[in-house]
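A.B. asks: 3D, please:
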Amino acid sequence: MFEIYNLTGKLAHHRRTSPWSLIIAHPELLSYVVPPSRDDFPFSAKDVRSGNEVKVMLASFLHSRLFAHRQSERAPSIPVLLPITDFFDHHWKGEPYSYDRNRAVIMRRSAPLPGKGDECFARYGLHDAYDSWLTYGFVDEDVPFVRSVTTTVELPGIGTIRLDDASAPDERGILRILGKKGHHLVATAVVIPGPDAPRALRRTLRMLINKLTDRHGRDVVICAERQIIDANLTYYAELKSCHERLSVESAAHNAIRANFVRLCEGQITRLRNYLNYAER
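C.D. replies: A predicted model of the protein is given here:
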């Protein structure tokens, strides 16, 4: 696998195009973009601030390709490379990785997608465009949903709900309750859905609010929804503005900055579209 990566210039391409290449050159971006705090992420903000480019570039390259393999359902996961499916492109409607009865990693042929010919696609996970950009280095124009940034929803007279984007929903999009103390609830990040599931967020919020009180109406759900949308719109507007003000010298970093701006514009469009179809 390493020989193939070297022959095809994969790592060189990654160093030219990865968002982390721009971030390590401009660590002030870490006030907006930080490495995910998940246990499996291979480097930290400290690595970026220290200018450890070799570690960040190599770790981010391998992380985009490693699969967490379990030799049994109870065994701890170990990182492995997948020689064939490594070369499948991602699509949110592609086929997920799974196991056969012998714990071999398998992937079924994906259904044909409009405009994509006969290409087979993998689904790397429940990633929105922001996840795909930071983890895999491409801006996904096709994915319709947005995974919310971390935010705290204030519900007067009821309590608060903390939504933590460092803890993602599972592959099926199932949200998890991380903790509850009095009138304060902590949960994994919610997904702001696309037009195929326009009421999914409101159903999720209703379930979370029910953990705090069974006395609430539609207005409480809408209040929570509005705060989540506003927090995400504010984040992506500020991230876009930050990159537009950034002074870069190399053509490669200028292209990465343009992709950051394009990502933010796409996320803002998805969020505004959600407000339109959720009311229909």
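
A.B. asks: Can you tell me the closest non-neighbouring residue to residue 25?
C.D. replies: Excluding the flanking residues, the one nearest residue 25 by Cβ to Cβ, 6 or more residues apart in numbering is residue 253, at 6.2 Å. Where you see a C-beta, it was placed from the backbone N, CA and C, and this is true even at glycine.

A.B. asks: correct me, but that neighbour touches residue 29?
C.D. replies: No. Contact criterion Cβ atoms under 8 Å: residue 253 and residue 29 do not qualify, at 11.3 Å.

A.B. asks: What segments of the stretch 151-280 of the chain are helices?
C.D. replies: Listed in chain order, the helices of the stretch 151-280 of the chain (DSSP state H, counting those that start in this stretch) span 200-210, 218-245, 251-277.

A.B. asks: Run through the stretch 151-280 of the chain and note the low-pLDDT ranges.
C.D. replies: In the predicted model of the stretch 151-280 of the chain, residues 166-173, 280 satisfy pLDDT under 70.

A.B. asks: rerun at 90
C.D. replies: Along the stretch 151-280 of the chain, the parts satisfying pLDDT under 90 run over 164-178, 188-189, 196-198, 214-218, 249, 275-280.

A.B. asks: the strands in the protein, which residues?
C.D. replies: With strands called from DSSP state E, the chain shows them at 67-69, 78-80, 89-96, 98-99, 105-106, 121-123, 146-147, 151-155, 159-164, 177-181, 184-188, 191-192.

A.B. asks: Show me what the third one is packed up against.
C.D. replies: With contacts defined as 3 or more Cβ pairs under 8 Å, 6 or more residues apart in numbering; DSSP states H and E, the packing partners of strand 89-96 are strand 121-123.

A.B. asks: Show me how far the strand it packs on is from its chain's centre.
C.D. replies: In terms of Cα atoms, centre = their mean, to the nearest Å, the centre of strand 121-123 is set 16 Å apart from its chain centre.

A.B. asks: So in that sheet, which strands flank it, and in what orientation?
C.D. replies: Paired with strand 121-123 in the same sheet, following DSSP bridges, are strand 89-96 (parallel).

A.B. asks: Please spell out which residues along the strand it pairs with are buried.
C.D. replies: Across strand 89-96, burial judged by 16 or more other Cβ atoms under 10 Å covers 90-92, 94-95.

A.B. asks: same deal with stretch 135-145?
C.D. replies: For stretch 135-145, by 16+ other Cβ under 10 Å, it's 135-140, 143-145.

A.B. asks: Do me a favour and average the pLDDT over it.
C.D. replies: Mean pLDDT, stretch 135-145: 94.

A.B. asks: Contacts made by that stretch with the rest, please.
C.D. replies: Applying Cβ atoms under 8 Å, 6 or more residues apart in numbering, the contact partners of stretch 135-145 are 14, 17-19, 63-64, 90-92, 124, 127-129, 132-133, 191-196, 259, 262-263, 266, 270.

A.B. asks: Buried subset of the residues you listed as a ChimeraX selection?
C.D. replies: Buried residues among the contacts of stretch 135-145 (16+ other Cβ under 10 Å), as a ChimeraX selection:
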select :14,18,19,63,64,90,91,92,124,127,128,129,132,133,191,192,193,194,259,262,263,266,270
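
A.B. asks: if I look at residue 126, how far off is residue 94?
C.D. replies: From residue 126 over to residue 94 the distance is 12 Å, taken as Cβ to Cβ, to the nearest Å.

A.B. asks: Now do the shared contacts for residue 253 and residue 29.
C.D. replies: Common contact partners of residue 253 and residue 29 (Cβ under 8 Å, 6+ apart): residue 22.

A.B. asks: who has more neighbours, the two?
C.D. replies: Between residue 253 and residue 29, counted using other Cβ atoms under 10 Å, residue 29 has the larger neighbour count: 21 against 16.

A.B. asks: residues contacting the more buried one?
C.D. replies: Going by Cβ under 8 Å, 6+ apart, residue 29 touches 22-23, 242-243, 246.
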